[in-house]
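Enquirer: mind looking at a prediction? Sequence and model below.
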Amino acid sequence: MGIRMFPALCLLAAGLISGAGIAGLTNGRAAALATSAAAPEAAKGGLPAAGVPAIAAGAPAIAAPEGYAAIARKAMPAVVNISSLQVVQTYEYSPFLADPFFRHFFGDEFYGFVVPREQRAMSLGSGVVVDDQGTILTSNHVVENARQVKVSLADGREFQARMLGADERTDLAVLRVEGATLPKAVLGDSEAMEVGDIVLAIGNPFGLGGTVTMGIVSAIGRGSLGIADYEDFIQTDAAINPGNSGGALVNTRGEVIGINTAIYSRTGGYQGIGFAIPSSMARDVLDSIVRSGRVVRGYAGFVIQALTPDIIRAFDLGDVHGALVTAVDPTGPAADAGLRRGDVIVSLRGRPVTSDGDLRTQLSRLKPGETARLEALRNGRRFQVDLVLTEPPPGPGPQGRRRS
C-alpha cells in the first residue's frame, strides 16, 4: 500500500512490486490517527510476563561520557535485515478483448477471457535476534503471507528463515534460523522506562542496513491508534522510517525495550513521532509462540466499550475512568463471577483502567487458568469479582462483536 499524503499511521516495511512497477514505500496498512489523550503513567505493576528470554537484571547503564557508540556496538549485531517474498494472485483481461471484433461477439465482460497473473511483492524490514537458537522477533506486517524469508546480518551472512508463528493482534511475528550461530540481543524491561529516557532506534530504513538514530521516550502506554487490536505503545522521537519495522528500540544499557512498528506522518517519512511495541508485550508473544506455535490468551467473556461523555453523564460517574460492560457471555467466566451488562470496570489486579483499549490490552497478557481480579461500579457502589479465565470459544464474540 502506498503512503497516504495526510496524517496517517504508516507501518514501516518498505515494499516493491515486480512486474507492476513501484507500488509504494509501505507494505501493510495505513490508518487515520485520531487525536490521542495524554498517556497513562509508567507504572505497570501486576501483570505477569512470560520468561523467554529473561529480563536482564542489574546491567549498568553506559555512561554518557563514553558516547552512544558503545550502546550501538552492543546492540547492532543482533538487528538483522529481513526481506520477504510474497506472490500475489491477480486477474487481468485477455488482450483479445482489446479487439472490437471479440467484444462484439462476447461482450466487454466475458469472463472466459480473464487470465490469472502472479505479481511478486518484496517487503523489506528489520528483526531482532533474541536467543541462542536463532529466534528472531519482527513485525507481522513485514513477513505476512510471505513464501520466502531471507535474513541478512551485519557481518554479511545471509540465511533462509522459517516462520514459527505470528500474532496479528499485536503485529508481531517470530522467525527462526536453523543451524547457525547468530549474535543475540537482550530483552530489557520496558515497564521500567519513563518519559524522557534516552533511546536508540536500530534498523534498516529504506534497506540501509545498520542505521542508528537517537531520541527519547516521548510517551508510554499509547493506545487507540488503530494499528493493532492490543496497543500499549512506547512513543519516541528517534528517527524511524519505512524499513525500520521489526527493528530494535534500545535503552542506555544496550537492551531492547521495544520493537519499532509504525510512525505518524503526513508525508510517509519521519516527522518526530514513532511507535514501538514494548518488550513486555513482545516477550509474552514470543514465549507463547515458541512454546505452542500460537498465542494463547485467556477469555473473560464480556464485551466492553469506551466511557463517552454521554455515558458518564447518564451513569453520573463524575471523573471515573474505566470501561463499560455492554454484553456478557452467559456461559463465560464473567457471568460466573457475577458481572452484568452496565457494570463499569475501573481496575484490573489493582491497576487502574484508563480506557476500554487499556483493559483489553491488560487482559490480553493473561493466560487461561489465571485469575483476574476486577474492581467495578454498579449503581454507584464499588465491588470486586475474581474471574478465572478460560480458553476462548470458537466463533465471534457476543452478537458478533470483539470480545475480551
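Expert: Perfect, I can see it now.
Enquirer: only C-alpha atoms from now on, for both contacts and neighbour counts.
Expert: Fine.
Enquirer: looking at the chain, which helix is longest?
Expert: What stands out as the longest helix in the chain, according to DSSP state H, is helix 279-292.
Enquirer: render the CA-only coordinates of that one in CSV, please.
Expert: Only the C-alpha atoms of helix 279-292 are listed here, as CSV (Å, rounded to 0.1, in the frame of the first residue of the first chain):
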residue,chain,number,x,y,z
SER,A,279,9.3,-5.6,25.2
SER,A,280,7.0,-6.8,28.0
MET,A,281,4.3,-7.4,25.4
ALA,A,282,6.7,-8.8,22.8
ARG,A,283,8.1,-11.2,25.4
ASP,A,284,4.7,-12.7,26.1
VAL,A,285,4.0,-13.2,22.4
LEU,A,286,7.5,-14.7,21.9
ASP,A,287,7.1,-17.1,24.8
SER,A,288,3.7,-18.4,23.7
ILE,A,289,4.7,-18.9,20.0
VAL,A,290,8.0,-20.7,20.9
ARG,A,291,6.1,-23.0,23.3
SER,A,292,3.0,-23.7,21.3
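Enquirer: how about residues contacting that helix?
Expert: For helix 279-292, the external contacting residues (C-alpha atoms under 8 Å, 6 or more residues apart in numbering) are 49-53, 137, 164-167, 172, 174, 187-191, 256-259, 294-296, 365.
Enquirer: how far does it sit from its chain's centre?
Expert: Chain-centre distance of helix 279-292: 12 Å, with C-alpha atoms, centre = their mean, to the nearest Å.
Enquirer: what's downstream of it, the next helix or strand?
Expert: strand 302-306 (DSSP states H and E).
Enquirer: neighbouring strands for that next one, and are they parallel or not?
Expert: strand 323-328 (antiparallel) (DSSP bridges).
Enquirer: how distant is the partner strand from the center of its chain?
Expert: 25 Å.
Enquirer: how about stretch 385-392?
Expert: On C-alpha atoms, centre = their mean, the centre of stretch 385-392 falls 24 Å from that of its chain.
Enquirer: quick one: pLDDT of L11?
Expert: Note for L11: predicted pLDDT of 61.
Enquirer: same question for the one 10 residues further on.
Expert: G21 carries a pLDDT value of 30.
Enquirer: same deal with the one 3 residues further on?
Expert: Among the per-residue scores, G24 shows a pLDDT of 29.
Enquirer: and what of D197?
Expert: pLDDT, D197: 95.
Enquirer: wait, what's in contact with it?
Expert: D197 makes contact with 216-217, 251, according to C-alpha under 8 Å, 6+ apart.
Enquirer: in the stretch 1-150 of the chain, where is pLDDT below threshold?
Expert: 1-66, 86-121 (pLDDT under 70).
Enquirer: does the nearest residue to D155 once chain neighbours are set aside count as helix, strand or coil?
Expert: In this structure, D155 finds its nearest non-sequential neighbour in P77, 7.7 Å apart by C-alpha to C-alpha, 6 or more residues apart in numbering. Of the three states, P77 takes helix under DSSP: H, G, I helix; E, B strand; the rest coil.
Enquirer: list only buried entries from the contacts of D197.
Expert: 216-217, 251 (16 or more other C-alpha atoms under 10 Å).
Enquirer: from those residues, pick the one nearest D132.
Expert: N251 (21.3 Å; C-alpha to C-alpha).
Enquirer: show me what contacts the closest one?
Expert: 197-200, 257.
Enquirer: how about 10 Å then?
Expert: By C-alpha atoms under 10 Å, 6 or more residues apart in numbering, the residues touching N251 are 61-62, 71, 75, 188-190, 193, 197-201, 216-217, 257-258.
Enquirer: thinking again about what came up before, next, the buried residues of the longest helix of the chain.
Expert: 279-290.
Enquirer: try stretch 377-393
Expert: Using 16+ other C-alpha under 10 Å as the test for burial, stretch 377-393 gives 377, 384-390, 392.
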